[in-house]
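Peer 1: Fold the following.
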Amino acid sequence: MSGPILIFDSGVGGLSVIAPMRRRLPNAALAYACDNAMMPYGTRPDDWLVTRILSVCSAAVAASGCSVLVLACNTASTLALDALRDRLAVPVVGTVPAIKPAAASSRSRHIGLLATSATVSRPYTDRLIREFAADCRVTRVAADALVGQAERLLAGETPDRRIVHDATAPLWAAEDLDTVVLGCTHFPLLGAYIAEAAPLGVRMIDSGEAIARRTAQVITCPAPRGERDRSFATALDSRLSRALEAFGFDAPQLLSLD
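Peer 2: Numbering: from 1, shown residues only. Model (predicted):
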């Protein structure tokens with residue numbers, strides 16, 4: 001089946017994977033879908049989220065005619081990846097915090113995980129740490145406030161540096177921490193602001209390149225890229241439209257949910 005690569009997130013965080021996706025698959029059409037009506041996901045109940053993610057992603061897959069769905073959302077991936085693979089006829093690529101490459105690159109053996117409350121506390125995250133970072137000290141910091149700041153940035157507003165500083169400050173309390181996992185796809189959008197708050201020499205790692213690499217492995221016949229790509233949302237908003245258009249997408253179409 002020929003169709004675009006559909007990238008899904010609760011908000012604009014999934015746009016952080018667009019650049020690595022286009023570097024790896026420059027001729028493939030993309031589509032973007034977000035559940036901005038219910039963003040942020042990180043603080044919502046698990047059962048509600050699974051039902052909601054299944055509903056929105058099913059509608060977006062049908063509307064876009066995609067050939068693969070990329071869950072560019074750590075919360076959605078840790079909760080609903082298996083359920084989506086059971087329901088949908090297209091391949092589904094998930095997103096997980098980049099614990100493995102962070103542990104491999106850390107010299108001090110002390111890494112940080114900056115993520116939403118949901119991702120920080122997930123059993124899935126516990127398993128990643130046990131499997132790939134058992135010999136590391138891992139400092140976990142929930143930074144839900146950064147999601148809103150990333151959304152502000154792509155809406156053309158200036159993020160509040162004090163909020164970024166306060167949200168990340170618990171990471172910098174330990175002098176030997178040398179690597180930080182940006183465990184939410186919103187956070188790479190704030191990379192420059194997080195780096196401002198971080199001590200000199202701390203390395204930031206996200207999942208963008210790994211997502212693009214895995215998508216290239218599973219996709220067989222993507223639709224060719226045109227002048228602009230399509231986008232979909234659960235609520236229409238002029239700021240969202242501007243953010244999507246800056247990444248080469250048409251203004252979003254409203255998704256119709258069951």
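Peer 1: May I have the phi/psi pair for the most centrally placed residue in the chain?
Peer 2: Most central in the chain under Cα atoms, centre = their mean is residue 185, positioned 2.7 Å from the mean C-alpha point. Backbone torsions of residue 185, given as degrees, to the nearest 10, read phi -70, psi -20.
Peer 1: which residues does it contact?
Peer 2: Residues counted as contacts of residue 185 (Cβ atoms under 8 Å, 6 or more residues apart in numbering) are 9, 13-14, 16-17, 72-74, 95, 206-208. Glycine gets a C-beta too; all of them are placed from N, C-alpha and C.
Peer 1: could these go into TSV alongside pLDDT, secondary structure and distance to residue 192?
Peer 2: Shown next, in TSV, are the contacts of residue 185 (pLDDT from 0 to 100; DSSP: H, G, I helix; E, B strand; the rest coil; distance: Cβ to Cβ, whole Å):
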residue	pLDDT	secondary structure	distance to residue 192
9	93	strand	20
13	89	helix	16
14	92	helix	19
16	93	helix	13
17	94	helix	18
72	94	coil	20
73	90	coil	22
74	86	helix	21
95	91	coil	22
206	93	coil	13
207	92	coil	18
208	92	helix	15
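Peer 1: Now the residue nearest to the centre of the chain. Nearest residue, chain neighbours left out?
Peer 2: residue 13 (3.9 Å; Cβ to Cβ, 6 or more residues apart in numbering).
Peer 1: So the one you found sits against residue 189, correct?
Peer 2: Yes. Contact criterion Cβ atoms under 8 Å: residue 13 and residue 189 qualify, at 6.9 Å.
Peer 1: about what we covered before: what about the residue nearest to residue 185, neighbour count?
Peer 2: The burial count assigned to residue 13 is 30, neighbours taken as other Cβ atoms under 10 Å.
Peer 1: any idea how far it is from residue 221?
Peer 2: Separation of residue 13 from residue 221 (Cβ to Cβ, to the nearest Å): 28 Å.
Peer 1: next one: residue 149
Peer 2: In terms of Cβ to Cβ, residue 149 sits 38 Å off from residue 221.
Peer 1: So between those two, which is more surrounded?
Peer 2: More crowded of residue 149 and residue 221, by other Cβ under 10 Å: residue 149, with 23 against 9.
Peer 1: which SSE is that one in?
Peer 2: Using DSSP states H and E, residue 149 sits within helix 145-154.
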